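K.L.:
this one's sequence-less:
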C-alpha cells in the first residue's frame, strides 16, 4: 500500500460561503427551490425480503431577479443550495474577497478615521444601525452628556470599526482596551469630532439638525417602564464566588450608566465592553472598568505598553472573565445580555443566570459541548468510540472539535485526508495493497467538509485522516497522525476528530501536567504535542482550573461518609446501589446495543430527607460499551432488564458541574456547602433495541440469520444424537436459551465466555426457564456456565459430543482465532464442532440493500459490527478451517445460512462443520494427562428428579464410543468406564452448586 506525505497546509482566510454572498447582494429576493429526485438502487441478491430500494437526491433551483440557476443532484439539500449559489456567483462575477483583506495598517487607519467620522452625521442617524439606539438615549435622556457617545458603544455596535482595528494592530482581537484607544486616536484626527482630555466621550462639534434628532428619538422611543434584568458579577479574585445582581432598567436611565454604577466608576464612558460571548446572535458581553493607568498618548495605540506590546497591568487581569470572553478583561466585571440590535429599534435584554455562566464555562471543555448537546450534564460522557452516525447521539465529533477550537479562538481544525488505492481482492483487515499508484490527498482547512464521505471513488479505496490544531497565529498546537484506515472518508474524519478531543479531555483533567510530560502523553495517543504552544494557549485555563479542581473533588467526596452513616450499605464500582425494583423481563442490554432509559439526578445531604432535583430525562439513548455515560450509570443500567428500575448514589463531581446542571435550583445551591452531599440517581430501562447488525439481518432475512444459525445447530445436534454440548463464547446465552425451546437429544449444556456480565445475564435466563416452573419441556438435565478464555484449555470441557462457536471468532484478533482453532481441536476435541462467521463478501449486498438516508450514504465494505476485529472472505475462512482440520485429524465441510452457495457471493453467514476422525479418537478423547481447570465456575444447575442408573449412562457412553471408533473395542470401552467413574458422580445425586435464590449471586470466589 503506497501513500504520500500530506502536503503542508497554508494559512487560509475565512471566506463567506456562496449562499452568504448571494444573501449579501440580493437579500430576501433570492429564492431557493429544492427538487427531490428518487434514484433506483439495484438489488439482485436472492433470499432478501426487500428486493429493491430507492434513495433520494436533491437538485436546487436558485431564483434571482430576472435570472435562475440550477445545480446538479446531491445527497444533501444544503449541498445543492450551495452548488446553485456557487454557479450564480461565477456567472454573475460576484467576488468573495472582503475589502479589508487587501488593506495595509496605514490604509486601515485612514479607513477608521473616515468610518468614525461617518457615524456622527445626520444621514447615519436615520439608519437602522444599532448605534442609533445609543444616540437616541444621548439626545433624550443624557442631559449632562447631550449628544455624546461613549467609546464602548462604538466598539459594541460597529463590526467594521472592530475589523479595521484588527488590521491596524492584530492584538486588538483580544484587547478591548487597545480597540478603545485606537478609536479615540482616530476620533482625534477627525476635524468634525470632539474628545475630552481625560474622558472617553466622542461627540460632533457642529450641531445636528432638529429633524435628525427628533427622528432618532422617535424611532427608539419605547414604553419600557421599570424592568429588572438579572446579570452576574465576576470578581477579579478567584477566591470570590460569581454572584447574581439586578439591573433596574427604565426609560429614564441609560443602561451603560447602570452598569457603571455597579462597577463603581464615574460614568458610562469609563466602561469597556468585550465582544459578544456565546452565540453571535445574542448581546451577551462582559463589561468592566477602564483601568486607571496612563492611557492617552500621541502613539498609535494610545497605551503605555511594554517592549512586547502588552499593556503593563497584568496584576489586575480578571482571569475568569478573560477566559470566558477570550479577551483581556481587567478588574471586577459584569456579564449581561443587553444592548441594541439590527433586528429592532428597542432595547434588547435577557436574564443571565448563574446556570448560564457555568454552562458557558462547561462548553469550553473538550467534553462539555457534548454534554450540553445531549442535555445530560451529569449523565453523559464523551464516547470513546465512533461506531457510525446511526448509533452516535448528540453533535458529531467533527462538529465538537470545530466548536472547541472556535470557543478557544483557535484556527479551524485542518483535516488532511489520504485516499489509498487498495486491491479489492485482499482482506480489508490486513490494510495492505500491492498497488503502486499514489494516493489522492484532500486538505480541508477552514472550509466545508459536509460532502466528505458522500462520494467514495470506488469500493477498493480506504482512507486515513490527519488533524492539525493551530492557534489563531497559525502556530501548531497538536497534530494527530493516525494510522487507522476507514472505508469512508466521513468515518476517517469523525474518528480522527474524536481521538483529538479525547486527548484534550485527558489533558483538561490534568491541566497542571508538566510540559515535559505532555509530549510523551501525546505520542501514546498518536498525537504530536507542541508543548510550549499548548501551555501558552491554555495558561489561563490552567491557572483557573488546574489547582482547584482536585480540591473541589476532595471537598465534595461523600461516599465514605455515606457508608458510615448507613453501615448496611456497601460501595462497589464507585457507587452504592440502594435498591432494584420490578420483575425480571429477561431482556438485557448487550454491548453495541442502543439502550433507552429514563433517569433523574438529585442532590441529597446525609440525614436530610429533602432532595434537590438537578437533572432528568424521560427518554435517553446511548450505545452500550462506548463509555457514552458515566461508568456507574452504565454499570447499573446493563444489569437491569427492560422495565426494571434502580436507585444508586455516587460521589459528588466538581461544584462547577453541579451548578451547570442545577437550573432553577442554582440560587439555593450556589451558597450551599457541598460537604456530606451526594448524587442520587434513579434509572429505569425502557427498551433495548437490538444491535444494528441484528436489526439489519432480521429486516433482510426471514427468518433472521441468528434464528437460521440456531436451526442449523439443532439439526446437527439431533443428527448425531449429541447428549453434551459446549458453546464457546456463549455471551448472554442466546444459543443455550434457544436450545431449551427446541426438541433435542441434549442432556448437558455448558457455556464459556470471558464476560462475567454476559454470563450473569445468561444465568438469570437459564435459571428462570429451568428452575422457576417455567413449564418449558426439555431434555436438559444439567447446565453449567464458566468464566474463561476459549483459547485456554480446561479439562472439564474435553470430549463433548458437539461444540459450537457461532459468530464469535470475528470478535477476536486474527492470531487469537488461529489459536482457538488449534486449542479446540487438539485439546477440547469435541466429536463435532460448528463454527460460523460473517462472509465479508456479502457485506456490500447487505449494506446496499438498506435505504441510504439523505445525510449518509451506506459504505459498501463496512464491517457488520464495530466490535468485529476482522471479517473473512470464503477463501480465507476455508483456508483457516482446512488447515487446522488437517493438522488435528478432523474432516471439515462447509455450509452456511442466508443466501445460497450456488449464487454469488454465497452465504451471508458461512459455517464450517468439523468431524473428529476415528484415528484421532483413541489418542485424544480418553487422554487424562492434562487435568488443568483454569475456568471459574459461574453458575451450575442440575435436575434433582430421578434419572437413569449409572450403568445405563455408562452403556450410553459406550455406544457413543463405539460409534466414534466404528468397531467394538473391549479394552477402550473399559478404559472409558473407568474414567467416567473417577470423574463423574451419578446424575441422580447432583444438585445445584449454590443455594442462593438469585443465580446472579452464584459466583465462586
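P.N.:
Okay, I see it. Just so it is clear, the model here is predicted, and its values are computed rather than measured.

K.L.:
from here on, just use CA atoms for contacts and neighbour counts.
P.N.:
OK.

K.L.:
go ahead and confirm residue 910 touches residue 874.
P.N.:
Yes: counting by Cα atoms under 8 Å, residue 910 does reach residue 874; the two are 7.4 Å apart.

K.L.:
with neighbour numbers in mind, choose between those two.
P.N.:
Each of residue 910 and residue 874 has its neighbours counted (other Cα atoms under 10 Å); residue 910 has more, 26 against 22.

K.L.:
may I see the buried residues of the helix or strand encompassing residue 124?
P.N.:
Here residue 124, judged by DSSP states H and E, is contained in helix 122-125. Neighbour-count burial for helix 122-125, counted by 16 or more other Cα atoms under 10 Å, picks out 122, 125.

K.L.:
list the contacts of the longest helix along the chain.
P.N.:
In the chain, with assignment by DSSP state H, the single longest helix is helix 489-508. Contact with helix 489-508 is made by 365-367, 382, 384-386, 388, 396-398, 401, 415, 417, 452-454, 456, 463-467, 480, 482, 485-486, 513, 522, 525, 527, as judged by Cα atoms under 8 Å, 6 or more residues apart in numbering.

K.L.:
what residues are shared contacts of residue 910 and residue 874?
P.N.:
With Cα under 8 Å, 6+ apart as the test, residue 910 and residue 874 both reach residue 839.

K.L.:
mind checking which of the contacts of helix 489-508 are in helices?
P.N.:
Going by DSSP H, the helices hold 397, 398, 401, 522 from the contacts of helix 489-508.

K.L.:
which elements pack onto the helix holding residue 124?
P.N.:
Other helices and strands packing on helix 122-125, by 3 or more Cα pairs under 8 Å, 6 or more residues apart in numbering; DSSP states H and E, are helix 131-140, helix 210-219.

K.L.:
circling back to that earlier point, okay, and which of the contacts of helix 489-508 map to strands?
P.N.:
Among those, the ones falling in strands (DSSP state E) are 415, 417, 463, 464, 465, 466, 467, 480, 527.

K.L.:
just the buried residues from those, in ChimeraX please.
P.N.:
Buried residues among those (16+ other Cα under 10 Å), as a ChimeraX selection:
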select :415,417,463,464,465,466,467,480,527
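
K.L.:
ok, the ones in strands among the contacts of helix 489-508 vs residue 881, which is closest?
P.N.:
residue 463 (31.1 Å; Cα to Cα).

K.L.:
mind listing what the closest one touches?
P.N.:
Counting by Cα under 8 Å, 6+ apart, residue 463 makes contact with 417, 418, 419, 420, 485, 486, 487, 488, 489, 492.

K.L.:
hey, what's it bridged with?
P.N.:
Per DSSP bridges, the residues bridged to residue 463 are residue 419, residue 486.

K.L.:
repeat that for the one 5 residues further on.
P.N.:
As for beta bridges, residue 468 partners with residue 414, residue 479 under DSSP bridges.

K.L.:
my read: it touches residue 415, true?
P.N.:
Yes: here residue 468 reaches residue 415: they are 6.6 Å apart, a contact under Cα under 8 Å.

K.L.:
run through the helices of the stretch 701-850 of the chain in chain order.
P.N.:
705-719, 734-739, 756-771, 814-823, 843-848 (DSSP state H, counting those that start in this stretch).

K.L.:
figure out which of those is closest to residue 64.
P.N.:
helix 843-848 (38.7 Å).

K.L.:
what is the mean pLDDT for the closest one?
P.N.:
Helix 843-848 shows a mean pLDDT of 70.

K.L.:
ditto for stretch 825-835
P.N.:
95.

K.L.:
likewise stretch 526-545?
P.N.:
The model assigns stretch 526-545 a mean pLDDT of 86.

K.L.:
same thing with stretch 240-260?
P.N.:
90.

K.L.:
check stretch 661-675 too.
P.N.:
Stretch 661-675 shows a mean pLDDT of 72 in the predicted model.

K.L.:
equivalent analysis for stretch 609-618, please.
P.N.:
Stretch 609-618 shows a mean pLDDT of 89.
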